[in-house]
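Novice: Sequence and predicted structure are below.
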Amino acid sequence: MSEPLTTPGEGFHPHLHETPDRPAAALRTRLHHIRAGSLDGDTAQTGGMRRFAAVSGKTVGSEKLWMGQTHVAPATSSSDHHHGESETAIYVVSGHPEFVFLDDSGPEPEEVRLRTSPGDYIFVPPFVPHREENPDPADEAVVVIARSTQEAIVVNLPGLYALPADGT
């Protein structure tokens, strides 16, 4: 027998109950259930894609983590951008998005294109300029994003550039 579903945003912490002498549990003393249909689109955006926050300081009170989804429309490329001090982990849910950055380890910077499939992971180090592309003419690409900062840091750029040797 399955348990009833929780209400979006409702936490479960059975020993914490609101009483006259004890107010409702704070955001950080309970679990949070964020339904797929309740993701928050009011987050940092980049042209050519849509980001939706699930776990953030705003949605659940997280202090060190941001997690959500990114959708890239068919035959679309995002703007060039980086995520500041955030480390970013990406899990490909559907589609075959491509992640593009410049590698300057050789004599000349070279554009590198990482072609992915569902189930693949990508790691984006802090401050590394990149873009996402969806070459599929018919299907949207969807990825799950986790960041090491509680909010989605997005710095949109006029173009790709290679990360300087000192990392800034």
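Specialist: Structure's in. What do you need? If you're wondering where the values come from, they're calculated on a predicted model, not measured in any experiment. Numbers count the residues shown, from 1 in each chain.

Novice: Return the set of residues that bridge with the residue nearest to the spatial centre of the chain.
Specialist: The geometric centre of the chain, computed from its C-alpha atoms, lies nearest to Ile145 (Cα atoms, centre = their mean), at 2.9 Å. Taking DSSP bridges as the rule, Ile145 bridges to Gly68, Ile90.

Novice: In contact with it, which residues are there?
Specialist: With contact set as Cβ atoms under 8 Å, 6 or more residues apart in numbering, Ile145 has these partners: Arg51, Trp66, Met67, Gly68, Gln69, Thr70, Thr88, Ala89, Ile90, Ala152. (Each C-beta comes from the backbone N, C-alpha and C, glycine too.)

Novice: Could you verify my assumption that the last one touches Val55?
Specialist: Looking back up the chat, that one is Ala152. No: assessed by Cβ atoms under 8 Å, Ala152 is found out of contact with Val55, at 10.7 Å.

Novice: Tell me which of the two has more neighbours.
Specialist: Ala152 (24 against 20; other Cβ atoms under 10 Å).

Novice: so which helix or strand takes in Val128?
Specialist: Using DSSP states H and E, Val128 sits within no helix or strand.

Novice: Against Ala54, how distant is it?
Specialist: 23 Å (Cβ to Cβ, to the nearest Å).

Novice: just to revisit the earlier point, give me the pLDDT for the residue nearest to the centre of the chain.
Specialist: Here, the pLDDT recorded for Ile145 equals 92.

Novice: quick one: which two of the contacts of Ile145 are the most distant?
Specialist: Arg51 and Ala89 (14.6 Å; Cβ to Cβ).

Novice: Which of the two has more residues huddled nearby?
Specialist: Between Arg51 and Ala89, Arg51 has the larger neighbour count (other Cβ under 10 Å), namely 20 against 14.

Novice: Quick check: chain neighbours aside, which residue is closest to Asp40?
Specialist: Ala53 (4.4 Å; Cβ to Cβ, 6 or more residues apart in numbering).

Novice: Flag the shaky bits of the protein, pLDDT-wise.
Specialist: Applying pLDDT under 70 to the chain flags the ranges 1-29, 38, 41-47, 163-168.

Novice: Kindly tell me how buried Ile153 is, as a neighbour count.
Specialist: 19.

Novice: show me the residues around it that make contact.
Specialist: Ala44, His83, Gly84, Glu85, Ser86, Arg147.
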